[in-house]
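K.L.:
here is my input, please return the structure:
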Amino acid sequence: MNIKRLIFLFILVLFISSCAPLSTEGEEEECPYTLQITIEDDTYDLTKGNYKCTFRDGFTKSVEMTDVASPNQMAEHLVPIQAKTGEEVYFETAGSPNLTIYLWNTESRQEEIPSKEQKTFTLPTESGEYLFEVVGEWKKDTVHYVFLLELTDN
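P.N.:
Residues are numbered from 1 along each chain as shown. Next up, the predicted model:
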């Protein structure tokens with residue numbers, strides 16, 4: 001083979017490989033990702049709410065968005081998870097999203113709940129029913145999750 005052909009083949013391979021889709025976070029799972037919580041030794045899948053997912057296939061890109069009921073409307077159809085006050089909640093999901101946790105009242109977001117390294121948070125110390133929204137933000141995707149807890153004293 002002459003040198004011009006080798007250079008041409010090298011450039012062709014380089015061009016084709018640069019057009020291949022890049023791997024995304026959560027490679028094993030596609031958006032909308034599953035988010036699980038673990039309390040004590042029990043694991044629960046959270047209910048997905050609104051999401052915006054970006055998909056790439058070669059040169060094309062598509063965005064899928066949903067608009068579902070608000071967390072307090074979704075809570076009407078959720079079975080509360082039983083837990084003890086003051087317990088730790090652990091999150092598990094694909095990739096490394098930025099997780100933001102919100103406590104809801106009957107009408108809207110009440111407050112943002114502090115988390116430890118985006119992986120855990122401590123449940124309230126008062127018994128009662130609590131509605132939480134978790135917003136997961138990946139590099140190009142955003143998914144909202146909802147869960148309802150019924151807390152009892154230790």
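
K.L.:
any idea how many residues pack against Val79?
P.N.:
7 (other Cβ atoms under 10 Å). In this view, the C-beta of every residue, glycine as well, is placed from N, C-alpha and C.

K.L.:
can you tell me the SS state at it?
P.N.:
Following DSSP: H, G, I helix; E, B strand; the rest coil, Val79 is assigned to coil.

K.L.:
what's it sitting at in phi/psi?
P.N.:
phi -90, psi 130 (degrees, to the nearest 10).

K.L.:
in this structure, which spans are strands?
P.N.:
Using DSSP state E, the strands of the chain run over 35-39, 42-45, 47-57, 60-65, 81-84, 88-93, 98-104, 109-113, 120-122, 128-137, 142-152.

K.L.:
the inter-axis angle of the last one versus strand 35-39?
P.N.:
Between strand 142-152 and strand 35-39, the angle comes out at 20 degrees (axes from the mean of the first three to the mean of the last three Cα atoms, to 10 degrees).

K.L.:
what are the pairing partners of strand 142-152, and which direction each?
P.N.:
Within its sheet, and counting by DSSP bridges, strand 142-152 is paired with strand 47-57 (antiparallel), strand 81-84 (parallel), strand 128-137 (antiparallel).

K.L.:
show me the contact partners of the last one.
P.N.:
This means strand 128-137. 33, 35, 46, 49, 71-72, 75, 80, 91, 93, 97-105, 109, 113, 123-124, 142-151 (Cβ atoms under 8 Å, 6 or more residues apart in numbering).

K.L.:
same thing with the shortest one?
P.N.:
Contacts made with strand 81-84 from outside it, assessed by Cβ under 8 Å, 6+ apart, are listed as 37, 39-40, 44, 89, 123, 147-154.

K.L.:
buried residues, that strand. List them.
P.N.:
By 16 or more other Cβ atoms under 10 Å, the buried positions in strand 81-84 come out as Ile81, Ala83.

K.L.:
please pick the buried ones from the contacts of strand 81-84.
P.N.:
Ile37, Ile39, Val89, Leu123, Phe147, Leu148, Leu149, Leu151.

K.L.:
got TSV for those, with distance to Thr66 and pLDDT too?
P.N.:
Converted to TSV, the buried ones among the contacts of strand 81-84 look like this (distance: Cβ to Cβ, whole Å; pLDDT from 0 to 100):
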residue	distance to Thr66	pLDDT
Ile37	21	97
Ile39	27	96
Val89	25	97
Leu123	28	96
Phe147	18	97
Leu148	20	97
Leu149	24	97
Leu151	30	97
